[in-house]
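A.B. asks: just need the structure, nothing else, for what follows:
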Amino acid sequence: MTQKEFSIGEALEYGWNTMKTNFGFFIGIIIVSWIVAGIPTFIAVILQEDAPAVSLLFRLGGIVLSTIIQIGLIRIALKFVDGQIPEFNDLFNSFKGCFWRYLGASILYGLIVVGGMFLLIVPGIIWAIKFQYFGYLVIDQNLSVMDSLKKSSDVTNGVKWPLFGFTILLVLINYGGAILLLIGLLATIPITMMANVSVYRILQSQTDSSLLSEVPQEPEGQKV
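C.D. replies: As a prediction, the model looks like this:
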């Protein structure tokens, strides 16, 4: 299998340039995402003591809306990295046809990581990196729950440690944005989101090219 690689510097540069060029668009989708996902949770907290059943319904509604928004953000990021022009409506329209697969894969991914954390933490970290691109693959390649996890394993194979360092760096960048009274997140979230999707696209392309090169070619004389 061909050795896979990616440049952290180039990924961050791409994230920075994309954020800077489309700053107004990113501010809009991030603020709307916070509001839409946050309102049901806020109401659920208020109703927790007086109406726990209703509070639970709002929490479930919040989970549904958050999942829809996560799918929308991934679709927007994929459009940017593929040279397409995303629209604001992509934030809420992208879940059609993949909502349940994405939700199912998210739950399974969470269970895998939590299970790994109970096994002396290290397996949880490894599995978190190994299967991290499941959501991109559900949306990008229309894969099933199990296939998205399996393909993510293929995509991250051979680059888990570089991805681990890259992930820590992205977390630190967003932590820095959060320190600035959360305002900095309006810049750091788009930077890290686009940097991550650019790495995904590079590794996914390298993986597909490598797998294609390993397919046995039919000898010329045996072609029908």
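A.B. asks: burial check on residue 205, number of neighbours?
C.D. replies: The local packing of residue 205 (other Cβ atoms under 10 Å) involves 12 other residues. Where C-beta positions appear, they are placed from N, C-alpha and C, glycine not excepted.
A.B. asks: my bad, should have said residue 175
C.D. replies: 12.
A.B. asks: helices along the chain, start to end?
C.D. replies: Under the criterion DSSP state H, the chain contains helices at 8-21, 23-47, 52-81, 90-93, 99-118, 122-130, 134-140, 145-156, 160-179, 185-213.
A.B. asks: where does pLDDT dip in this protein?
C.D. replies: 1-2, 211-224 (pLDDT under 70).
A.B. asks: and the helices of the chain, which is most packed in?
C.D. replies: Looking across these with neighbours counted as mean count of other Cβ atoms under 10 Å, the highest average goes to helix 134-140: a mean of 24.
A.B. asks: what helices or strands is it leaning on?
C.D. replies: Contacting helix 134-140 under the criterion 3 or more Cβ pairs under 8 Å, 6 or more residues apart in numbering; DSSP states H and E are the following elements: helix 52-81, helix 99-118, helix 145-156, helix 185-213.
A.B. asks: can you give me how far the longest one is from the chain middle?
C.D. replies: Between the centre of helix 52-81 and the centre of its host chain there is 13 Å, according to Cα atoms, centre = their mean, to the nearest Å.
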